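> Provided below for reference: sequence and predicted model.
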Amino acid sequence: LEEALIFEIGTTASTGVDVETPPAVRSRLGGLDRNREIGLAGLSEPQAVRHYTRLSRQNYAIDLGLFPLGSCTMKHNPRLNEKVARMPGFADIHPLQPVDTVGGAFELIHTLGEWLCKLTGMPAVAMSPKAGAHGELCGVLAIRSALEARGDAREVILVPESAHGTNPATAAFAGYKVEDIPATPEGRVDLAALEARLGPDVAGVMITNPNTCGLFEPDMKRISDAVHAAGGLVYCDGANFNAIVGRVRPGDLGIDAMHINLHKTFSTPHGGGGPGSGPVVFSEALAPFAPLPFVEKQGDHYILIEEETAEDHHASSFGRMVAFHGQMGMFTRALAYMMSHGADGLKQVAEDAVLNANYILRSLDDVLEAPFGKGGPCMHEALFSDKGFAEGFTTLDLAKALIDEGYHPMTMYFPLVVHGAMLIEPTETESKETLDQFIGALRSIVARAKAGDPSMHQAPFHAPRRRLDETAAARKPVLVWKEPEQAEAAE
Amino acid sequence: LEEALIFEIGTTASTGVDVETPPAVRSRLGGLDRNREIGLAGLSEPQAVRHYTRLSRQNYAIDLGLFPLGSCTMKHNPRLNEKVARMPGFADIHPLQPVDTVGGAFELIHTLGEWLCKLTGMPAVAMSPKAGAHGELCGVLAIRSALEARGDAREVILVPESAHGTNPATAAFAGYKVEDIPATPEGRVDLAALEARLGPDVAGVMITNPNTCGLFEPDMKRISDAVHAAGGLVYCDGANFNAIVGRVRPGDLGIDAMHINLHKTFSTPHGGGGPGSGPVVFSEALAPFAPLPFVEKQGDHYILIEEETAEDHHASSFGRMVAFHGQMGMFTRALAYMMSHGADGLKQVAEDAVLNANYILRSLDDVLEAPFGKGGPCMHEALFSDKGFAEGFTTLDLAKALIDEGYHPMTMYFPLVVHGAMLIEPTETESKETLDQFIGALRSIVARAKAGDPSMHQAPFHAPRRRLDETAAARKPVLVWKEPEQAEAAE
Amino acid sequence: MRYLPLEPADRAAMLAKIGARDVDALFADVPEEARLDGPVHGLPDHATELAVERDLGAMARKNVSAADVPFFLGCGAYRHHIPASVDHLIQRGEFLTSYTPYQPEIAQGTLQALFEFQTQVARLYGCDVANASMYDGSTACWEAIVMARRITRRSKAIISAGVHPHYVAVCQTMARFTKDALDVALPELTDGAPGDDMARLLAGIDGETSAVVVQYPNVLGHIDDLSELAERCHAKKALLIAVVTEPVALGAIRSPGEMGADIVVGEGQSLGVGLNFGGPYVGLFACREKHVRQMPGRLAGETVDAAGQRGFVLTLSTREQHIRREKATSNICTNSGLCALAFSVHMTLLGEKGLRNLAALNHARAVQAAERLAQIDGIDLVNGSFFNEFVLRLPQDARQVARALADRMILAGVSLGRLYPDGEGLDRGLVVAVTETNSDEDIAAFAAALEEVLA
Amino acid sequence: MRYLPLEPADRAAMLAKIGARDVDALFADVPEEARLDGPVHGLPDHATELAVERDLGAMARKNVSAADVPFFLGCGAYRHHIPASVDHLIQRGEFLTSYTPYQPEIAQGTLQALFEFQTQVARLYGCDVANASMYDGSTACWEAIVMARRITRRSKAIISAGVHPHYVAVCQTMARFTKDALDVALPELTDGAPGDDMARLLAGIDGETSAVVVQYPNVLGHIDDLSELAERCHAKKALLIAVVTEPVALGAIRSPGEMGADIVVGEGQSLGVGLNFGGPYVGLFACREKHVRQMPGRLAGETVDAAGQRGFVLTLSTREQHIRREKATSNICTNSGLCALAFSVHMTLLGEKGLRNLAALNHARAVQAAERLAQIDGIDLVNGSFFNEFVLRLPQDARQVARALADRMILAGVSLGRLYPDGEGLDRGLVVAVTETNSDEDIAAFAAALEEVLA
């Protein structure tokens, strides 16, 4: 099952692309003509197709089965969306074309933005951020810009300890100091602790809602009010928007900025780690500071606001975060997804996602500890701990054993507030039959973990690879392939 | 690894297609409105995508590895061809559109026909046959029509014993009696026996060249001359055209009709058993009898000859073999393939195909008996027998053991003239490295077959299924799924 | 060459192993005079992917594709919306580039899909069993007649005037060679029941009749109850063969099998396959269980493997040419596997509910269109009953009208003059098909243009 | 809803198991006043696939797509021909619908492909190592500056006037918040060397400089040797960061790494990805081995599994946000995985030979076009050296000319006035890119139309 590397199969003399013979011209390369081999192996098309087809079969994917990664929202990716994204009118247009040759593109961007504003109950949206973490950055920069415009630059962003790692990293990347706020025993933000910390140095808070324990923050509006009262602003991490889309509008909860992962809630495919897309919705307070470029509708047509045109309209914008207009290819997919579902279907999405998660919660909480399960229903994901496993048996063992049952593991050891956490997000695109099979598989593995079945330490047995040595990989990183003699010489 | 059937997963209430609500109208179904359930299970799109994706992974395919089926020409299928076939101007046009709205379609059909005529050195081509066997039928009907037009209806078609089963079946389907002609010890048509049998009752012969032993018939021209001298006509089965494409023109060998499997030589994908396409090239003698419809070029434009227009131009046509124009979707792919290769590339195709086959022949003939290998090189496929296997070890055992090595088996027990025949056709799209690996695997299995490794009788072990009980399947055929209670009742 | 992995160094090494001087030595069996000394004359050399795409794209753009215009053509090929997932799935390399599943251990994907396909077809047609596909509806029709001959040992078939003329032509071509007798007739534009020749069929059945062949709905859209005809056939020990060119219809009307048809064949193109200028399509073929060993074509059957696990194999291959040679039930070998898969995926996505909804929508839109078009002065709707296509009688030759509408970028339907060049009284007939892909705007544009052309 | 498998009966059974009255009970934590009583107002209900395709198709057709016209736009996004197999392969469900490969046992497909990608990028750039991709070239550029700050512990970077103005704008936006000092300048249309500010850069380096950032070839197409600049940087213990927006160029000219650049970043869109109106693209990021622990983004590394078999894992994740939180080297999480795969597949198909041929063809066509266009009265070719794009100085504002050419259905290039609204003396500059997709006819049509517009 080992597939050789392209460098082991191909040579620099073979190719899978025929190129027309160039006309004879006088070279104008400034004397910098390449004078050494690059070392790029080529494959003929038959070889390349086979190489990547075989490689692909070593991957697990949504198309193969349940992908219960908590907080990742691995849902079905409709194929219509792939088709739409490839329409030449979207896929084969250049970002710097004269604006009146791309009116349909601006219409699409603006239409998608309107859907996002209406679904979140927020008045403005920035479309250009490239992914969730980039959206967070966009939100934090807008907060900082607004405070600076007020003449009230502040230094600290508060982040709950259960937050995604991107939240503190983003705040730091934007030049902020980061401070944690603790969680209550019920898995929510500790409102009292938060209120106690608020003050003139706090620029704002970054809160995930529904939070990373899979719970809705019932005090969200009170948190927002408290932060606003203290002169700060509220950022909401929208990674878990799938739980409430079409049913709750974050704008009704006092939020100032929230990014939306189009690749989660609106089903643009994850592609093995991207591309994503992270538009950010803004409150009135932050709207003037949105980054360039963006699209506005004027009467029947759409105008592009960028450096050249921003001064008249949007002098307060904090500037450009990316070259060009953002992730057009994700916009087309997300809009196709939204139009397909409609307002009624999106509501159903949230309801089925929450229903599926609670079904898992209640089908497993007799054998797995659900730390916050007693308190009531969860939202779109169910959280369990490793309590009750036999000595020496860990969440990792359980996860790897799950691979042998034909499933991708759940999110492990996150959130950090729960010991040996297992966070399971089924999404709405799984059938009851699939959930029942998964629950059955998990129950049998849990029984083994409790009984202390030693073979679990070696799992998986039926995957393309056995457990991989990650420590060795990190100790002496091998990040590129080298010709065997070179590799030896480098020892 | 067992995937449930759609009828076991889905219900008649679930669906993966949203349909607009129909406007209210008065039904005009003639009182025949459906009044019982059909029993069609539906799946939502996520379920359907997963079902078929999983099923697909139980298939072997060219995209996964070598597919050395002799006489099947399983070569790489370029992806460009799939793209071209899906251009709306080809894929989304109706066969009965007004002819001047589909000029480009006729141009494509005519252009492809011209390539086929030039590559075969024949003056005419019928494009409508739907597959190889259908092309054979076309050729045989043309022969019969020509003889009848001569007032010389004959009753017998001669077929070499090594012919594909389709040859005699086709002759019978067209109303002919079929008689075998034997092969020489060198694996060729026995010219003397053929000449002895020719006579006034013989309508013609159906010969495969290169033949099913993977050998060129060096006497082809003499066979043609003899048949013609006896008043008959010569049909050539073109299934093995890949061996000589661009290097030898069958028209130079006295052939009157030959079908061309576009899905073999010109790489339209086999798709698990079709669709194919079997255009037939004709000599001057047979051209007037070609079936309707077909396309002619007149000056700068293309005209369609069908029933309405045939009388003036082609009164001798034997008529229509199919609704519409043939396999347009295969024509586009085949023409893209031909244009991509060009005359130079097609010649290289034949040369590399023959080179690869001879490399296999000479890399294995020390361990496997090659019945005709002593006589010289083979063409595009190498033929071996089971001579030397331990008692009780068969070609089937070897083939199934090959599955465990990650390969599709070769053609087995065909041609019948060789005991335990193994016919290996690598095609030109396999690299030397792949052939070397395959040869290595085969050598090790041959060693096991000679040593009598009993585990081979149970192979495969590493496939999605172990050996399947074909006898039980045929004894009491279960050809459709039944609800469990129904199935029981039927017992 | 991007598709050829051998490099010059490989070729040299391989020739050395073979012991051949050069590649020409491998062609030693080809007589000198038949060996070309270079590439075939008159053909271009190899071309880049960019160039091929550009050249063929230019050809494609010369055609008016259905999506570009209001489009109302049917008569055996129908434009339906195919879910994007269908094409995605059939393009999986494991389906696209696999061979006929002769090695079942590594072909369960294809085999199980075919088994599901057979079940869907049998149920849709109201039959016991179905095969794994034929080339298309027209060749399936002839194979059904041959099968009836084998079963009844009679060789005289009566073909309804309502059967698609191309299908009839295919049968006539073959019958001329096999000496089968076919009783055929041209359809008439009878008001209320175009193409209906039930009386002729009932009267024609006798002790020599192998089969009666009817189309349902017929080529002019008319729908007739087949029950009486089936009874009459069975009384004379003849078989009833029903042909269905629009499978979507069976989501709205009774299946031929329910009404007593013994063999049901047809075209499956409507589901999953697309127009493709007439091919590749997929022939559907279903019959009674007792006749299965007389059936042409491949069959997937259920069995178990050596470990007791359910699996599928090609079965009853002793009927087939590769085993039985000239005694085979048919010469068919390669069939329409990938199209059958596409049909099956589309049908699975639809399910009972989706198919019925789709059929209801097709019918409703067709009724809307028929009623709108029949309001035009001088135009008669000939049909009493229809599913999604019907015949209009125009005040002048329909060929010219269709031509004039095409110039206005409306593809209006199939003129009967094209289908029946010799059909007296048919030249004013236009067959109009309406599916879910036709919008209200399409129908309005068609009506407006037709009024203009006829004015 | 076609994407939702739960049926009403399923929902009822599940609610019963949960012990909830209805689904509303599951939203009990949401304050009453925040719960909507029905679907969100102002948005349509669900739509069929047919309707969505039709509506979005109508939007798409309002755009002039590059294939429809002679097309000469570049400046950071290039139109190249992408082999059909690239898209086929990245659409395999196992690639398309998989997640970040955190479970390496069942993600070797993605991981090995990334390892191959990293190797390709490192070799192309002439660097030791590369990461598994960034969002795009512009964000990669800023991440490189941050990385240089971490390595040098200095926070003053000099950015060449030849760097793409959008990239500069992105850096300026961020620097404003991080308090990094950026020394920037506008380019000039210097004859023979547009945008070249080597003298300024060399003069500006001092003991406070963290890095010098140059683009190669620069945004105006000019190509400059970076060797001296690298030496000067290293003498002052500053880093040289090179930005490459057109990777195809490196098939024809020396890599920045060879000339001494410490970090090389850029845009990979040219290979495999397509124009897509600016995104998603793929940021490439490569550096010296000794700096790898300061690198942002994911890294695939080689290791072995418990059975001793070679395998790949994400490694050095202690640099990353999900482990290191606010001390991470970057906040990047989701990157551009599928685009990196597309880049790598395209590069694998090309190989050394294909890339060099492609680069040679691009250059030759660009030279042809430049020479042809420079013949037009009043037009100057500003560049001495270039790869596949160059600047023309027009006799009038290039914005209007580009506008007038667009009306003639020619997309002629990027006017510098659009890129530099404040750039004095730049408004007559037009950046023209020429690739293998431009035919002789395209160039002739462009020249003819330009003559007409200027006449």
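It's in. Residues are numbered from 1 along each chain as shown, chains lettered A, B, ... in the order given.

> Within the helices and strands, which one has whichever residue of the stretch 51-200 of chain C sits closest to chain D?
Here the residue of the stretch 51-200 of chain C nearest chain D is residue C:81; by Cβ to the nearest Cβ that distance is 4.3 Å. For glycine as for every other residue, the C-beta is placed from the backbone atoms N, C-alpha and C. Under DSSP states H and E, no helix or strand contains residue C:81.

> quick one: low-confidence parts of the stretch 1-150 of chain A?
Along the stretch 1-150 of chain A, the model assigns pLDDT under 70 to residues A:1.

> What residues does it have near chain C?
Residues of the stretch 1-150 of chain A lying close to chain C by Cβ under 8 Å from any Cβ of the partner chain are A:11, A:13-20, A:43-47, A:49, A:53, A:78-80, A:82-83.

> restrict the residues you listed to those near chain B?
Within those, those near chain B by Cβ under 8 Å from any Cβ are A:18, A:44-47, A:49, A:53, A:78-79.

> interface residues of the stretch 351-455 of chain C facing chain B?
Checking the stretch 351-455 of chain C against chain B by Cβ under 8 Å from any Cβ, the hits are C:351-358, C:360-361, C:363-365, C:367-368, C:370-371, C:383-387, C:402-403, C:406, C:411, C:414, C:417-419, C:421, C:436.

> picking up where we left off before, filter the residues of the stretch 1-150 of chain A next to chain C down to the buried ones, ChimeraX style.
Applying 16 or more other Cβ atoms under 10 Å in any protein chain shown to the residues of the stretch 1-150 of chain A next to chain C, the buried members can be selected in ChimeraX as follows:
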select /A:11,14,15,16,17,18,19,43,44,45,46,47,49,53,78,79,80,82,83
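
> My guess is the residue of the stretch 51-200 of chain C closest to chain D contacts residue D:51. True?
No. Taking Cβ atoms under 8 Å as the definition, residue C:81 is not a contact partner of residue D:51, at 9.6 Å.

> for residue A:340, what are its contacts?
Counting by Cβ atoms under 8 Å, 6 or more residues apart in numbering or on different chains, residue A:340 touches A:78, A:80, B:18, D:2-3, D:46-47, D:49, D:52.

> Then residue A:86?
residue D:87.

> Now the helix or strand where residue A:437 lies: buried residues?
Element membership for residue A:437 (DSSP H and E) is helix A:432-451. Within helix A:432-451, the residues scored as buried using 16+ other Cβ under 10 Å are A:432, A:434-435, A:437-439, A:441-442, A:445-446, A:448-449.

> Look up the closest residue to residue A:136, ignoring the ones flanking it.
Distances taken as Cβ to Cβ, 6 or more residues apart in numbering or on different chains place residue A:170 nearest to residue A:136, at 4.1 Å, with adjacent residues excluded.

> who does the helix or strand harbouring the one you found touch, helix- and strand-wise?
Per DSSP H and E: residue A:170 is located in helix A:166-173. With contacts defined as 3 or more Cβ pairs under 8 Å, 6 or more residues apart in numbering or on different chains; DSSP states H and E, helix A:166-173 has these neighbours: helix A:132-149, strand A:156-160, strand A:177-181, strand A:202-208, helix D:321-324.

> Return the angle between stretch directions for the longest helix along chain A and helix A:432-451.
Ranked by residue count, the top helix of chain A under DSSP state H comes out as helix A:328-364. Inter-element angle recorded for helix A:328-364 and helix A:432-451: 60 degrees (by axes from the mean of the first three to the mean of the last three Cα atoms, to 10 degrees).

> near chain B, which residues of the stretch 1-150 of chain A?
Within the stretch 1-150 of chain A, the positions adjacent to chain B are A:9, A:18, A:44-47, A:49-50, A:53-54, A:57, A:63-65, A:75-76, A:78-79 by Cβ under 8 Å from any Cβ.

> so is the residue in the stretch 351-455 of chain C positioned nearest to chain A in a helix, a strand, or just coil?
For the stretch 351-455 of chain C and chain A, the shortest gap (Cβ to the nearest Cβ) falls at residue C:351, measuring 13.6 Å. Secondary structure assignment for residue C:351 (DSSP: H, G, I helix; E, B strand; the rest coil): helix.

> you'd agree it is up against residue B:14?
Yes. Using Cβ under 8 Å, residue C:351 makes contact with residue B:14 at a distance of 5.9 Å.

> Need the overlap of contacts for the two.
Each of B:41-43 lies in contact with both residue C:351 and residue B:14 under the rule Cβ under 8 Å, 6+ apart.

> nearest to chain A, of these?
Nearest to chain A among the shared contacts of residue C:351 and residue B:14, with distances taken as Cβ to the nearest Cβ, is residue B:43, at 8.8 Å.

> got a pLDDT number for residue A:487?
The model reports residue A:487 with a pLDDT of 68.

> Centre of the chain to stretch A:437-447, how far?
Centroid separation between stretch A:437-447 and its chain, computed with Cα atoms, centre = their mean, to the nearest Å, is 28 Å.

> Are that stretch and chain B in contact anywhere?
No. For stretch A:437-447, no contact with chain B is found by Cβ under 8 Å from any Cβ; the gap never falls below 10.2 Å.
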